[in-house]
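> The sequence and its predicted three-dimensional model are supplied below.
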Amino acid sequence: MSLSEPAAPKPADLLATMPFAAGLDIELHEATAERTVGGLAWSPDLCTAGGALHGGALMALADSVGAVCAYLNLPEGAAGTSTVESKTNFLRAVTTGGVRATARPLHVGSTLLVVQTDLRDDRDRLVGQTTQTQIVLRGNPGRT
């Protein structure tokens, strides 16, 4: 790293900006522009009536990890991103252990970013895949 390059944000600092993700106990293990990795432990509080991890919890994991990946790929001058589309295919139930999410950018543009997030269980089986499109926000995102 050169003296002119800013330090890369720490995963814990990035996660702290997302109270909803932190409230679900989502963890962020790795955060780079090329690959972002996080996880979610199985918990009975996050399950359907049948004991499977709820799809909404899996989508929240994918959206959170994917959003960090998109954020780390923002073009210069951008203020942030917002999810405009998200599609998840669920491939198998998660009834124990946890889920690891790995997000990678598919498209990095000046207006849109597309991120794909693979969800894998503790046995490294693909349990879901999410593709999300994030719009690049300009100016002050807190003002309407």
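Now that the structure is in, tell me what you want to look at.

> mind checking which helix or strand the spatially most central residue of the chain is in?
The chain has Val65 as the residue nearest its centroid, 1.5 Å off, counting by C-alpha atoms, centre = their mean. Element membership for Val65, per DSSP states H and E: helix 55-71.

> about what we covered before: contacts only, for the residue nearest to the centre of the chain.
Going by C-beta atoms under 8 Å, 6 or more residues apart in numbering, Val65 touches Ile26, Leu28, Thr36, Val37, Gly38, Ala101, Thr102, Ala103, Thr117. In short, each C-beta sits where N, CA and C put it, glycine included.

> just those residues now: which is nearest Gly77?
Set against Gly77, the nearest of the contacts of Val65 by C-beta to C-beta is Thr36 (21.8 Å).

> Kindly confirm my reading that Gly38 is in a strand.
Yes. Under DSSP: H, G, I helix; E, B strand; the rest coil, Gly38 falls within a strand.

> That one: neighbour count?
Counted with other C-beta atoms under 10 Å, residues neighbouring Gly38 total 27.
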